[in-house]
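S.K.: Got a predicted structure plus its sequence, pasted below:
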Amino acid sequence: MGIVVEAEGLTKRFNSLTAVEGITFQLQEGEILALLGPNGAGKTTTVRMLASVLAPTAGTARVAGYDVVKQAREVRRSVGLLTEFPALYLRMTADEYLDFFGKLYGVPKGKLEERKTALLEQFGLARDRKRQIGEYSKGMRQKLALVRAMLHDPLVLFLDEPTSAMDPQSAKTVREAIMELRKEKRTALICTHNLSEAQTLADRIAVINRGRIVAIGTMEELRRRYIGAPLMELKLARPMDEAASLVQRFAVVEEKGRDFVRYRTDNPAEVNPLVVKALTEMGAEIVYLQEVPVTLEEVYLRIVA
Amino acid sequence: MISLSGISTLVSKELKDSLRDWRIITPIAILTLFFPWLMDITAQLARDFVARYGAFLIAERMYPFLLMVVGFFPITFSLVIALESFVGEKERLTLEPLLASPLSDLELFLGKFLASLILPCTASFLGITIYVAGLYFSTGYFPPPTLLTQILILTFCEALVMVAGAVVVSNNATSVRAANLLASFIIVPMALAIQGISIAMFWANYNILWLAVAGMLTVTVLLMRMGLALFNREHLLTTQLEKFDLKGWGEAFLSSFLRRPGNKGKPFSLANFYREELRLILADLKLPIAFVGLMALAGLIGGLIFALANPYPELVFPENFDLNKLKHVSWEFLPPLQTHAIFFHNLRALTLSSLLSLITIGVMPSLVAVLNMGLVGFVGGEIAILGQKPLLFAAFVLPHGIFEIPAAILTIAAALKIGAVPISPGVKDRLRDTFLLSLADWLKVLLFVTLPLLLVAAFIEANVTPILVSWLYGWEG
């Protein structure tokens, strides 16, 4: 797998304001990265620099093998960008709109028609392709903007809030489309405030705050770094007072009750069987032993705080 | 490499967009189809009316004038379309997907620029055709081919100026409302130009139209340069809401004045100014100084040529006129030859022309250089024609000119730089800082170089030159 997006010390200043400072990361082919951060953290500016729409003040970046400054045209041709506000030409029909952008990206006529039809079908817009965009709902417009971003079959997609303003069904369609991208070895960077979506879609998550990437890694890595070792919950069929002290021999007990124990361990694969064995030998009946799920929201709030 | 297909795709999309907007199409249709017909009727009525008094000349002059009017009205829509295309997209946030496309800034600019021209120009030329045809069939008048060509070219140039101006306006506005307010900077000068052209047309001085065409093309080039400097992704995506940050401007100006960039962060002091800063300013002004010097030289030569082509009528100065006779002429009609009067006059002229540089893109101060040196050349030439030694004339100019001319060239060059900032392609998002630095440099040059030099020059002109001239000419008392 090759590196498709590579940023090194990427910085953007607007007069005295530093919007993005020293961002460094890499994206492999077929990888999906979710870029999270509060409003004004620098997500959109980062995406604009990577899409060769804004030039960095300092640092370098290569996208699809091209330098974002020196080969801006090639970068823009290789990238599909869904902007934060999917404003469209309301007097055009979806067909005309896609034809216009297809021509701008130099998509051959036959392929354009084929791509257009396939994508409109995929996003459930085929029946409305001859209607003026002005008559579309917010969600339909968002989907059409996404179709536009994917129309020229780009190697890399930068998606700024891809499912905002969508109903659950449409959001699901879009999420499925993004998952499809991974299968096709497309690389994507998604800026989102929807943390469960980021958790579902992304291979890795980056958190940006005040222009700097403050954390980057898989969900598991971030959880370990910011929440700690996995928290296990053991539920007993009947109260057993000695259970906690027994578990304490193998792991750190965080919380206990008469019929349950919560403990942390860095090595559940090794520790959990020992705990189960010890308790069973003591005559305990175990209802369940499971990891307490950690949401991205908890991790994110810990990082941003 | 410019992508013509990209440009044509954009043009075609913009045209379709305009053609679907009834707010644009309805007035254009009226102005194209109904207005020329109305002008035909106006021309006939006017002809019949003035014929009653035998004033056929007025009717004859009115036909070409109305021809220009018929062409001009639809052209004004190029401004509306351009504002809508450039700033409207920005306001509706539809611009970013375009900016993310492979088109370069120049291709986007050209696409939108051409699209703004096509519809109004087509409407205008169609209107002219309807008017000319109607006039021919009703009165038998057909404009001379040269005049018709002039009007067609002039109309096209008017559209160029308005679209180029609209681009500049759009780059400084984030809403159509703000752009419409700023558009008066285009409409008012254009209205004045049209009035001037109208007067020339009633005078039947149609050669003026070529001058108008040349003037409009020059303005177009300057505005396009300015527009291209500002129309870039960086500027378009980072311009914030219109808010005049007076405090920010004041602080930036003070910073430019008190701690000039490139001067190793040293604070301003007079000693440091003469020792180091002036050298930096002069280095920055190299090109404007050369340009103003050339303009002055061109003015001098032009004045000389004009003098040779237009010698004083013999009645004023008969052959072998003795210049000594001039000493008996009363000079009271001239301002008093006093140091302070000359000093303030020169200072006022340089300051005002410099300030006008802001709105004339540096043209006004350059004109001061051309006209003044043109006058020197002209008078010198006339004196030479009268058989006098040019050296004697030099006595009038050189003693104070040694101080005054460098001071003027330097001030004008600094002012020219202020006016040229908005049309310099290099400044882009640093426009405010570059402009304020030029302004600070100009002020320093004026205060610490020009003022002392003008004072010395005025003193010499008032007190030394008269003595020197009298001595050279052998005049007494």
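M.R.: Nice, I can see it.

S.K.: For the rest of this, base every contact and every neighbour count on C-alpha atoms.
M.R.: Fine.

S.K.: Secondary structure class of the residue of the stretch 101-250 of chain B found nearest chain A, three-state.
M.R.: Closest to chain A within the stretch 101-250 of chain B is residue B:102: 4.9 Å, counting by C-alpha to the nearest C-alpha. Of the three states, residue B:102 takes coil under DSSP: H, G, I helix; E, B strand; the rest coil.

S.K.: List the residues that contact residue 293.
M.R.: You didn't pick a chain, so chain A it is. Neighbouring residues of residue A:293 by C-alpha atoms under 8 Å, 6 or more residues apart in numbering or on different chains: there are none.

S.K.: I was thinking of chain B, sorry if that wasn't clear
M.R.: Going by C-alpha under 8 Å, 6+ apart, residue B:293 touches residue B:409.

S.K.: who touches stretch A:25-38?
M.R.: Here stretch A:25-38 makes contact (C-alpha under 8 Å, 6+ apart) with A:1-8, A:43, A:181-193, A:195, A:198, A:201-209, A:304.

S.K.: tell me the domain boundaries of the chain?
M.R.: Looking at chain A here, since you left the chain open. Using automatic domain parsing, the domains assigned to chain A come out as A:3-217, A:229-293.

S.K.: looking at chain B here, not the other one
M.R.: Taken from automatic domain parsing, chain B resolves into B:4-238, B:248-473.

S.K.: Make CSV out of those and add distance to residue A:102 and mean pLDDT.
M.R.: As requested, those are exported to CSV (distance: least, C-alpha to C-alpha, whole Å; pLDDT from 0 to 100):
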stretch, distance to residue A:102, mean pLDDT
domain B:4-238, 10, 88
domain B:248-473, 30, 83
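
S.K.: Single out the most deeply packed of those domains.
M.R.: Comparing those by mean neighbour count (mean count of other C-alpha atoms under 10 Å in any protein chain shown), domain B:4-238 comes out on top with a mean of 19.

S.K.: Kindly check the end-to-end length of that domain for me.
M.R.: Start-to-end span of domain B:4-238 (C-alpha to C-alpha, to the nearest Å) is 28 Å.

S.K.: Averaged pLDDT, stretch A:10-24. What do you get?
M.R.: Averaging pLDDT along stretch A:10-24 yields 89.

S.K.: cool, stretch A:105-122 as well?
M.R.: Averaged across stretch A:105-122, the pLDDT comes to 93.

S.K.: Pull the residues that contact it.
M.R.: With contacts defined as C-alpha under 8 Å, 6+ apart, stretch A:105-122 is touched by A:77, A:95, A:98-99, A:102, A:126, A:129, A:144, A:147, A:151-152, A:173, A:177, B:101-102.

S.K.: From those residues, list the buried ones, please.
M.R.: Among the contacts of stretch A:105-122, those buried by neighbour count (16 or more other C-alpha atoms under 10 Å in any protein chain shown) are A:77, A:95, A:98-99, A:102, A:126, A:129, A:144, A:147, A:151-152, A:173, B:101-102.

S.K.: Out of those, list just those in strands.
M.R.: Assigned to strands by DSSP state E, none of these qualify.

S.K.: Extract the CA atoms of stretch B:294-307 and return them as CSV.
M.R.: Extracted in CSV, the C-alpha atoms of stretch B:294-307 (Å, rounded to 0.1, in the frame of the first residue of the first chain):
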residue,chain,number,x,y,z
LEU,B,294,11.3,58.9,-18.7
MET,B,295,7.9,60.6,-18.6
ALA,B,296,9.6,63.9,-17.8
LEU,B,297,12.0,63.5,-20.6
ALA,B,298,9.2,62.6,-23.0
GLY,B,299,7.3,65.7,-21.8
LEU,B,300,10.4,67.8,-22.4
ILE,B,301,10.9,66.4,-25.9
GLY,B,302,7.2,66.6,-26.6
GLY,B,303,7.1,70.3,-25.6
LEU,B,304,10.1,71.0,-27.8
ILE,B,305,8.5,69.3,-30.8
PHE,B,306,5.2,71.1,-30.1
ALA,B,307,7.1,74.5,-30.0
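
S.K.: From the rest of the structure, what touches it?
M.R.: With C-alpha under 8 Å, 6+ apart as the test, stretch B:294-307 has contacts from B:366, B:369-382.

S.K.: Where helices are concerned, which of the residues you listed count?
M.R.: Residues of the contacts of stretch B:294-307 located in helices (DSSP state H): B:366, B:369-382.

S.K.: Can you say which of the residues you listed are also within reach of chain A?
M.R.: The overlap between the ones in helices among the contacts of stretch B:294-307 and the neighbours of chain A (C-alpha under 8 Å from any C-alpha of the partner chain) is empty.

S.K.: List just the nearest of these to residue B:237.
M.R.: Within those, the smallest distance to residue B:237 is 35.2 Å, found for residue B:366 (C-alpha to C-alpha).

S.K.: Report the contact partners of that closest one.
M.R.: Residues near residue B:366 by C-alpha under 8 Å, 6+ apart: B:292, B:295, B:412, B:416.

S.K.: Assumed the first one was part of a helix.
M.R.: In this case it means residue B:292. Yes: under three-state DSSP, residue B:292 sits within a helix.

S.K.: And the ones in helices among the contacts of stretch B:294-307, which is closest to residue B:255?
M.R.: Taking the ones in helices among the contacts of stretch B:294-307 together and measuring to residue B:255 by C-alpha to C-alpha, the closest member is residue B:366, at 28.3 Å.

S.K.: Quick check on residue A:188: phi, psi?
M.R.: Main-chain dihedrals, residue A:188, degrees, to the nearest 10: phi -140, psi 140.

S.K.: Give me the neighbour count for it.
M.R.: Neighbour count of residue A:188, defined by other C-alpha atoms under 10 Å in any protein chain shown: 29.

S.K.: and the gap between it and residue A:250?
M.R.: Applying C-alpha to C-alpha to residue A:188 and residue A:250 gives a distance of 42 Å.

S.K.: Also residue B:409?
M.R.: 89 Å.

S.K.: ditto for residue B:414
M.R.: Distance of residue B:414 to residue A:250, given as C-alpha to C-alpha: 81 Å.

S.K.: Residue B:76 too?
M.R.: According to C-alpha to C-alpha, residue B:76 stands 85 Å off from residue A:250.

S.K.: again, but for residue A:88
M.R.: For residue A:88, the distance to residue A:250 - C-alpha to C-alpha - is 60 Å.

S.K.: between the two, who's got more neighbours?
M.R.: Taking other C-alpha under 10 Å, residue A:88 and residue A:250 do not tie; residue A:88 has more neighbours (21 against 17).

S.K.: mind listing what that one touches?
M.R.: By C-alpha under 8 Å, 6+ apart, the residues touching residue A:88 are A:133, A:141, A:145, B:94.

S.K.: Report the secondary structure element holding the closest residue to the last one other than its chain neighbours.
M.R.: Closest residue in space to residue B:94, ignoring its immediate chain neighbours: residue A:87 at 5.0 Å, by C-alpha to C-alpha, 6 or more residues apart in numbering or on different chains. With elements taken from DSSP states H and E, nothing contains residue A:87; it lies in neither a helix nor a strand.

S.K.: How much space separates residue A:87 from residue A:124?
M.R.: The gap separating residue A:87 from residue A:124 is 19 Å, by C-alpha to C-alpha.

S.K.: Check which element follows the longest helix anywhere in chain B along the chain.
M.R.: The longest helix of chain B (DSSP H) is helix B:105-139. Under the assignment DSSP H and E, the closest C-terminal helix or strand after helix B:105-139 is helix B:145-171.

S.K.: just checking, what packs against that next one?
M.R.: Using 3 or more C-alpha pairs under 8 Å, 6 or more residues apart in numbering or on different chains; DSSP states H and E, the elements in contact with helix B:145-171 are helix B:56-75, helix B:77-83, helix B:105-139, helix B:176-182, helix B:184-202, helix B:208-230.
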